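[1] sharing a sequence plus its predicted fold:
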Amino acid sequence: MHCHDRAESPRGSFRAALVLLFAGLLALIPWSNNTASAHGAIVNPGFRAYMCHERWGGDHLNPNMAQEDPMCAQAWQANPNTMWNWNGLYKNNVGGNFRAAAPDGQLCSGGNAESGRYRSLDAVGAWKTTDVNTNFRMELYDQASHGADFFQVYVTKQGFDATRQPLTWGNLELVKTTGRYAPAQNISFDVSAPGRSGRHIVYTIWQASHMDQVYFLCSDVNFR
């Protein structure tokens, strides 16, 4: 076998180990970005960037992503930090003016389309969905334990086609406003969206408690 043709010198082994170590450190850079901006997001039914990270974060170089999950693939191609920073889609100092902060066509990027990091989340198409009933439970994971002044949950109206139409405020119906939640990493609450069937978008506004920081989160669902 070739591996026995010539013994490798200690110096060569040391250099090879350094190369492998350097490559390993480079591979960790995107994950470091994620950790540095740790905040939170809706993880069930999962927010778009979170679901892409769940499916492809550990397999982002797989060429099958383009065929199996084209909406996540276009997000990755547009800006890899969309996935790595799935927990950082927020705006500060909104003052309760949510519609101005996230205008029509930019709801899923939380009005951050110009920054480039989250623009791809506004893309219209067949995002993969999570199956839910019309009575379902929302789950937030917040690594930083910001707490919440409240959550507002909207669901698209029956007849809206998320695969063909950009999301606008006129397409949404407010179905839930919660009270305050103390700081915690895991927060959950129940939501009811009667009269829905098939594909929809659940749009969550999370007003954090630690400061005027607002998260705008699109989750794609299929009502059974």
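    Great, that's in hand. Residues are numbered from 1 along each chain as shown.
[2] can you give me the helices for this structure?
    Taking DSSP state H as the criterion, the chain contains helices spanning 10-36, 48-56, 65-68, 70-78, 81-84, 98-101.
[3] listing request: residues of this protein with sub-threshold pLDDT.
    Across the chain, the ranges flagged by pLDDT under 70 are 1-38.
[4] and the residue nearest the centre of it?
    By Cα atoms, centre = their mean, the chain has its centre lying nearest to Ala49, at 2.4 Å.
[5] show me what contacts that one?
    Neighbour list for Ala49: 41, 75, 82-83, 85-86, 89, 118, 121 [criterion: Cβ atoms under 8 Å, 6 or more residues apart in numbering]. Where you see a C-beta, it was placed from the backbone N, CA and C, and this is true even at glycine.
[6] of all those residues, which comes closest to Pro194?
    Ala41 (25.7 Å; Cβ to Cβ).
[7] hang on, that closest one packs against Ser219?
    No. The criterion here is Cβ atoms under 8 Å, and Ala41 misses it with Ser219 at 9.3 Å.
[8] joint contacts of these two?
    Joint contacts of Ala41 and Ser219 (Cβ under 8 Å, 6+ apart) are Phe47.
[9] hmm, back to that, which one is the residue nearest to the centre of the chain nearest to, not counting chain neighbours?
    Counting by Cβ to Cβ, 6 or more residues apart in numbering, Ala49 lies nearest to Trp86, which is 3.8 Å off, once chain neighbours are set aside.
[10] swap in Ala123?
    Residue nearest to Ala123 in three dimensions, not counting chain neighbours: Gln74, with 6.0 Å by Cβ to Cβ, 6+ apart.
[11] how many neighbours does that neighbour have?
    Counted by other Cβ atoms under 10 Å, the residues lying close to Gln74 total 15.
[12] quick one: residues contacting it.
    Gln74 is in contact with 120, 123, 125, counting by Cβ under 8 Å, 6+ apart.
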